[in-house]
Structures are given as structure tokens and as C-alpha cells.
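# Would you be able to build a 3D model of this:
(2 chains)
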2 protein chains.
Amino acid sequence: MLELVDLKKKLSKKDYSKIMKNLGERMGVAQRAARDAKRPIIIVFEGWRGSRRGDIINEIKQYMDSRGFDVYSTVRMGADVAKQPFFTFFWQNLPADGNIALYHRSWYYLKNSLDIKPSEEQSADSKHMTYEHINAFEKVLTDDNYIVLKYFLHISEEKQNKRNEKADKTLGKAWRELNPAYDEGGKYKEFEKRYEEMLQATNKPNCPWLVVSAEDPDVAKVDVFTDMVMRIESALAAGPKVTPEEVRPNYKYDELSKYNPDQVMDKKTYEKELEKYQEKLKMLQIEMFQKGVSAVIGFEGWDAGGKGGAIRRLTAAMDPLGYHVHPVAAPNAVERQYNHLWRFWIHLPQAGNIAIFDRTWYGRVMVERIEGFAQPGEWHRAFDEINDMEEQWTDHGMVVLKFWLHIDQEEELRRFNERQNTPSKQWKITDEDWRNRAKWDQYEEAVNEMLVRTNKPNAPWTVVEGNNKYYARIKVLKTVCEAFEKRLKKKD
Amino acid sequence: MLELVDLKKKLSKKDYSKIMKNLGERMGVAQRAARDAKRPIIIVFEGWRGSRRGDIINEIKQYMDSRGFDVYSTVRMGADVAKQPFFTFFWQNLPADGNIALYHRSWYYLKNSLDIKPSEEQSADSKHMTYEHINAFEKVLTDDNYIVLKYFLHISEEKQNKRNEKADKTLGKAWRELNPAYDEGGKYKEFEKRYEEMLQATNKPNCPWLVVSAEDPDVAKVDVFTDMVMRIESALAAGPKVTPEEVRPNYKYDELSKYNPDQVMDKKTYEKELEKYQEKLKMLQIEMFQKGVSAVIGFEGWDAGGKGGAIRRLTAAMDPLGYHVHPVAAPNAVERQYNHLWRFWIHLPQAGNIAIFDRTWYGRVMVERIEGFAQPGEWHRAFDEINDMEEQWTDHGMVVLKFWLHIDQEEELRRFNERQNTPSKQWKITDEDWRNRAKWDQYEEAVNEMLVRTNKPNAPWTVVEGNNKYYARIKVLKTVCEAFEKRLKKKD
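Have a look, this model is predicted:
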């Protein structure tokens, strides 16, 4: 793609001024229209050092309303990069509906810098962060009607050398401190090959690259602005796309029936086992912390299935500074302004910490599927989106565990009635619980499909037979302990 | 206060179980009631190393709903502390209406650890962070009906030694890594004096300390839980307090009339000066970045006063990675759930960066005062709150500048009409602008008082004569350059 660029392209000052005046105005109009249409926009700038990214970005900022417009860069991220999975930073800074995030160097630069000099800490991500993951990340966004615009600013080796020399002279050392990007100096050919490969691998119809000549900054500005305005205008004119429904096999998944929710454990055994595993978990938590290994533990299950009780027994012996319980309900007003995975990415644990989710990202393929909060195309594609997300987490070295707390209909009725009849427990039972109960069969179908399609060796489901609370709590504790032990024995 | 604690207090296992069952239930009820009443709660735990803070906190967590309940600690903050003003972290993690933030060691621990070994970087904060600032911080919160509960867990020197030895034995080195708090070992008497002083200096009626014996963990739990439940219950029963109105002098402030908005600058001079100061600012930004000095620049002014244009000329030559423009409108749904200063604290610039606010925290004493969005008691006390906040920022080494863009009524009318009659500018003018204009006299009174009461040497106001846009933009640029230069010459 690089060789197709006309590096000699020129523009008269007069033409430039005329074009830019018009484009600047259209840019402002397009931004306001995108805001009204609640379409978020992500603009990515990559390219050679010395291609004047900063000037172009500053010029864009002059035309844009700063409300809902944020500029980020991966250049100064440094050591923080390695502490959480690769895309965490980008999810955390995802623009909300109608907002714009502009990247002065993005995940592409980050991948390159990891590939070039993988430090020991970065090696896990460096190994696993393929262009396929990048394409998957961008697809999640464009499928959700984010507008993703990618620009590569191309200059010749000669131009690069000239500009670097000039910057060294006028700005001094400070220039390199402000912009501590990797140095392409003296290795132009090598990097040219790397960039060509990157552009080829990630030039997809949902978010193609525009490679422009940045030899003349005016030419670059006009080319970038023109493309930006046209692409935003046409995306808005076309309106939001709807992902087509998946062609689905006429197949009945049958997983839950393999488990008998009626298991037995007496109180005495329970108390002994509880003490044993809590003690073990306490020490394992310390070891996880020391080694910087984090964990994500998700709880799903029938209403009144015992999630809360299991979580309390799990956390009772832990250091409260090292874990956090995230209760998940219907997305609030802020969360609804983002892709459905956003609210989970932003709560990923710090290195060595444990995040427990009381209900999870699987709401998409259960309640949202059944209640019609997600369109069929949306929840159909969610299985792949979720599997890819969890794979990124475990690739990074995290432990990912998912529990389904399984009781039968009779047991649920018994517990509902108990809550109804105990004053101190009444707040726990709502009309919604009864409504969900009436849809037991629909949920069973959804849960079965979910358990089959997202049970992966790296992020397994554990179905917990839950009619007996003692049995269930110990099974959860034991499963967590064993998973932590196994992970801690792993080399990498 | 320490010597009043009965360290020998005992409790039978039977009494303990009975009391705790009752307290646990009341705790859950109190939490739900506080959530319904939208009262945020902050719980602070301080005390000796080995006082079993973690156990008590984990027990509280067992009784509390994890929705809206967060635990923080300052123990592991490490070097990040020094990068932003002292209270930034605590503002960033302020609980929203109806939520709870619990601190396993809080600003008190942080102050002590800065006082004990101030590193070079920390010295600025260490020097300035007095108990008066802590009292002021807590007063801002309790005046705003936050419930602030403070517990100091007291143990004897003998008990501390015993527990530390035991932890060293059973948990090994990991224990000190997990909890890298400063070591009081061998210096009990010295720390006792320090803690006594801290307790005395910050034991205020709006948020008194409860000092409890933690020799017996059961006694500590019961004492803390009892106080916690009673204080939350009684705060809710009493309902929100209203700050009484200030007794205000019958005095007419007169500041704006000292400035003549009509100043002159021709286009040629403007262009020359613009280039000169933008070039200068570019170099100053680099130097600020290198030295880690950050700046907050706030813009206020009459509608159509030229804030946007001045900001664009200010930022045009800057590195887009080093500054951020924050447009400030009426608080949104999330922002309304916090104290009015929260949305500014969370946007403080990183070390070496520049934050520009297009409208500011002074909305409290202008639009909120005039439109009645803030009660008289609320905006009366805001002058002190704001002065203290800015003092904390400048004590930390930040540059704080505030601009009032001053035009006269005729000029505003001219600009309003121009916007109305220019299609590409119509979006800039709304009915609200006309409504504000009708209240010119009220705004003038509010602005005059604001300029007098919050014009401080550390964070000065600059009134910018704005009828001539050229003159105004250059005055802003020049003022910023001079302030940066002055700050960079300062030693500290």
C-alpha cells in the first residue's frame, strides 16, 4: 500500500486555504451531526516519526468542538502497558455515543513497540497480540456502529532524516522526551516492510486504511480532512447497520441436564471443608499477589441460586485490599452509551488482584436475548466477541473462571417463598424474579447454548449443583483454589 | 484520646454472637436506607499496624451489599502519591450519592507517611498538608451531607509485637509486601505521640473520631459496628442539614468597572504578537513538561465574550498530547451525584500537563447562585471551599490562572446578532444566551464579588478587556507565558 502513495503531490497555498476553509466548516457540521445521531467516532493516526502527526491533530482540534473530543497517545504509556491485557487502555478510553476519541499513535504503535523490544513483562502480550485480535477488536466496534477511521502518514527516508535533524536543533533533547517513540532512524527499509505488512493485514472493508503523503503537510491535511469529512458524512447518511442474524443449526443444546442439582453435604463436613479451603485460599491470594497474577471470577445462575452466599464464603478469608466484588445489573444511563463489553473491561483487576462479578457479560446471551434488549444479530455475534475477550485475558496470564449456580425449579420456589415470608429477606425478592421464573424454559435454552459455545479450556464454565448450599459453596471454593494452584505452577 | 481507651475490655463469645447477629442485620438495613436517602458515606479506618483492620473490614463487607460499596487503601499508593495534589486520589474515589467508600488507611496515613519520610518529590505536599487542610476537606463533605465516620484502632505495644511476630511466622515475607505500611516497631512511644496529636487536631463535631480497643478483635468489631449503625441511623433520622446563610456585609463590590473593555489592537500587530507568543508558549510547554510542572487555566466571561477563540489561539501551537480542553456545562446526571467540586478534581492534569477549563468551578457562585441551583448557604461557603482547593493545587506546585473575558453589553448584542444571522454560527446561540443577557446586572454583581473574594496571589484572576478580539487573545497568551516563565524560574 505504501508504494501507491504519490509522495511528490503538491498543492498551492491558495488552493490549500480555499479547500481548508470549506473542510473546516464541514468538519464542525459533521461532528455535531454525529453527536446528534449518537454515533461514536475513533480516529487513528499512525505513520513515520517526523510525519507531523501533532500538527495535523492540532489543526483538527481547532475545527472541532472540544466537548466529547479526546486525544490519546500510546507513546507515553511505558511500563503501564504490560500490567493489564493489551486492549484494556483502549476500552477504558472508548468514546461514548456521539463522542470522538482521536489516537496520536494507537494499538498499532503499541503492538509494534512490543514486537520490536519485548521486555520480559511484555512478552506474554507480545506473543499473543496478533493482527487477528486487532481485527476482532475493530470489528466489535464497527459492528456496533462505531465509525473507525485509520490514517497512515507516509514520508520518505530523506524527508524523515531532514525533519528529525531540524527538530533536534530547534527543540533540543526535550523533543525526544516529549515523544519517546521508538526510533526508525537508519532502519527505514526494515520498518517499511513492517508497516506494509501491518497495513495489509488490517486493511478491512469495515475500517480501511487511508495512506497519505505527509511530505508536504498541507497535502496531508487536505487529504486527511477530505477523507474524514466524507466518511463521517456518508456513514451518517447510510445510518446504523444491523448485523444480520446468524444462520443457526436446528439443534437443541443439552448441557444442564447432565447435572443433578441435588447433591449432599452435611453441616459438619461443610464447616471442616470451609475452614480448610478458606485457609488455603488466603495463602493462594498472597501468592497470586506476589507473582502479579490476577483473576476474574464470574457468577451466573438461577435467581436465588446462591450466588451471593457463595461469593461471601469465597471472600470471607481474603485480604479486602486484593479483591473487589462487582455486582452487575441492567446497564445504567452511562453504561448504555458504550459497547456492551465496555463495563467489564473497565473493571478488570490490577496485577495480582481478583475481580468477582456477581452476574456478568453473559447477560447479553441470556436476559438481553430473552427480553429482546439485544437484537438477534447482536447476541448471535456475542459468543465470538466474548470468547475473543476472554482469550485476550487468559493470554495475558489472567485466571478466568465462570460459575453457573444450578438449582431446580422446586428449590427455587422454596427459596422464593422463604424470602417472601422472612421480613429481613423480603428486599431480596422482586416481581422481576417471579417474571423470570415464568420464563424458565427460555432461560434453560439460552443457558444450554451459552454453556456449550463459551466453555473453553482457557476460560471454563463450572456448573455448580446448588440445591444443597453447603455442597455448592465448597465446590466453588475448591474449584477456585485448584485453578489458582494450577496457574501458579505454570512457568511463563 | 488514646489513654481514655480501656484496652482490657472483654466480651464473652455468647454475647458477641448475639450482638453481632443483630448489628449485622441493622447494618444492611442502614445501608439500604442511606442509599434510598442518597446520602453518601465515607468510613475511615486508621490505627496501629497489627490492629486487625483487614479482618474488621472484611466482616463489614459480609454484611453490606457490594453494590456501591468500595474499599480503598493508601498503603499501596507508593510513588503515585506525589504526582498530583494530596487530595486528588480521594476526590477521584469519592462515593456518589447513596454509595459507601471505606478506607483501610486514608488521608491520615498518607499524611503520616509523608511526614515521616518526605522524599524529594513529596516534600512540597508534606510541607503544606496541614491538619487544617484535612479539616477543610472533611468539612466540605459533611457540609454537603456526606456521612464521615472515623475509627482509630488502638492496641498496646505488647500486643503489636506479638501480632507482628505471628504474622511474620505464618504468612512469611509476603505479609509485609501485601501491606507495605511504615513500620512502627520499636518506636511505639514516638508514634503514640504522633497519633495523639493527629486525633486531637482532627476531632471535630462534624466528624469525630471513635478510638476503640482492638486488643480483642471481637470487642473492636462490636464497638465499631455499634457506632457505625447508630451514627448512620441517627444521621438519616435527622435528615440533611442546610448550611445557614452567611451574615453578609451590606457592601457593593465594584471590580469590573475598573476595566474598560474597549482596547485597541490592529491586525498587523496582532499577527506579529500572536506568532511571537505562540512560539514562546511552545517552548515553555516543553520546559513545563520536562520539569513536571502542571497548570490549570480557567476561562469565564460574558456569553460571546470570546472564550473559545482565546482558547484556540492558546492551544494552536501546543503539543496536543500535553494539554486538554475541558468544556464545562451544567452538571450531567453522573456529576450531580457528587459534591460540586468533584468534576474538577477528577480532571486535574497529570504532572507536566496543562488543563484548560472552558467555564469552571466558579459556576457555583455565578449561574448556580443566580438561578437558585445552589442554596444561599451553599454558594456562600463556596468562596472558602474554592480558595482552599486552589491553594492545595498551587501548594503542590501547579500554576493556576483564571481569566474573565470582559465585553460590554453593546458588544455582546452585536455578537449575538452576528451569530443569529450567520448560518454556520447559528448553533452557537441559544435561547439561554438571551435569557442570561437579560440578567446582566445580577451577573455583574456576582462577578464583582467573585473577583474580589477569590483573587489570590497564588491563583490570580485576570480581567481581559475583550471588545477587541485581537487585544484579548494576545493578553491571554501573554499572561499565560509570563506566569509559566515566573513559575519555571522558581526554585523549589
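# Check whether the one residue in the stretch 1-150 of chain A that gets nearest to chain B sits in a helix, strand or coil.
Proximity to chain B, evaluated over the stretch 1-150 of chain A using CB to the nearest CB, is greatest for A:S66 at 4.0 Å. To be clear about C-beta, it is placed using only N, CA and C from the backbone, and glycine gets the same treatment. The three-state label given to A:S66 by DSSP: H, G, I helix; E, B strand; the rest coil is coil.
# The one 4 residues further on now?
Three-state call for A:D70 (three-state DSSP): strand.
# ok, now which ones touch it?
Listed by CB atoms under 8 Å, 6 or more residues apart in numbering or on different chains, the contact set of A:D70 reads A:N93, A:P95, A:N99, A:I100, A:A101, A:L102, B:H324.
# How many residues are close by whatever residue of the stretch 351-492 of chain A ends up closest to chain B?
Here the residue of the stretch 351-492 of chain A nearest chain B is A:S424; by CB to the nearest CB that distance is 5.6 Å. Taking other CB atoms under 10 Å in any protein chain shown as the criterion, the count of residues near A:S424 is 12.
# ok, it touching B:G24?
No: A:S424 is not in contact with B:G24 according to CB atoms under 8 Å; the separation is 10.0 Å.
# which residues do these two both contact?
Common contacts of A:S424 and B:G24, defined by CB under 8 Å, 6+ apart, are absent altogether.
# How about the residues of the stretch 351-492 of chain A by chain B?
A:D358, A:S424, A:W427 (CB under 8 Å from any CB of the partner chain).
# export these to JSON lines and tack on distance to A:Q392, secondary structure and pLDDT?
Formatted as JSON lines, these follow (distance: CB to CB, whole Å; DSSP: H, G, I helix; E, B strand; the rest coil; pLDDT from 0 to 100):
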{"residue": "A:D358", "distance to A:Q392": "22", "secondary structure": "strand", "pLDDT": "97"}
{"residue": "A:S424", "distance to A:Q392": "42", "secondary structure": "helix", "pLDDT": "80"}
{"residue": "A:W427", "distance to A:Q392": "38", "secondary structure": "helix", "pLDDT": "84"}
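# out of those residues, who's nearest B:E418?
Using CB to CB, A:D358 is the member of these that lies nearest B:E418, at 56.3 Å.
# re earlier: might you report the residue contacts of the residue of the stretch 1-150 of chain A closest to chain B?
For A:S66, the contacting residues are B:V325, B:H326, B:P327, B:D358, by CB under 8 Å, 6+ apart.
# what's near enough to touch the residue of the stretch 351-492 of chain A closest to chain B?
Contacts here follow CB under 8 Å, 6+ apart; on that basis A:S424 touches B:E25, B:G28.
# Please identify the nearest residue in space to the residue of the stretch 301-450 of chain A at minimum distance from chain B, excluding sequence neighbours.
Nearest residue of the stretch 301-450 of chain A to chain B, counting by CB to the nearest CB: A:V325, 4.0 Å away. Counting by CB to CB, 6 or more residues apart in numbering or on different chains, A:V325 lies nearest to B:S66, which is 4.0 Å off, once chain neighbours are set aside.
# count of neighbours near A:P40?
Neighbouring residues of A:P40 were enumerated by other CB under 10 Å; the total is 24.
# cool, and A:L94?
A:L94: 20 surrounding residues under other CB under 10 Å.
# Was I right to think it contacts A:Q337?
No: using CB under 8 Å as the test, A:L94 is too far from A:Q337 to be in contact (9.6 Å).
# so how far does stretch A:5-18 reach from one end to the other?
Across its full length, stretch A:5-18 reaches 24 Å end to end, with CA to CA, to the nearest Å as the criterion.
# now swap in stretch A:45-64 and tell me
Between the opening and closing residues of stretch A:45-64 lies a distance of 17 Å (CA to CA).
# So what's the gap between that stretch and the chain middle?
Going by CA atoms, centre = their mean, to the nearest Å, the spacing between the C-alpha centre of stretch A:45-64 and its chain's C-alpha centre is 26 Å.
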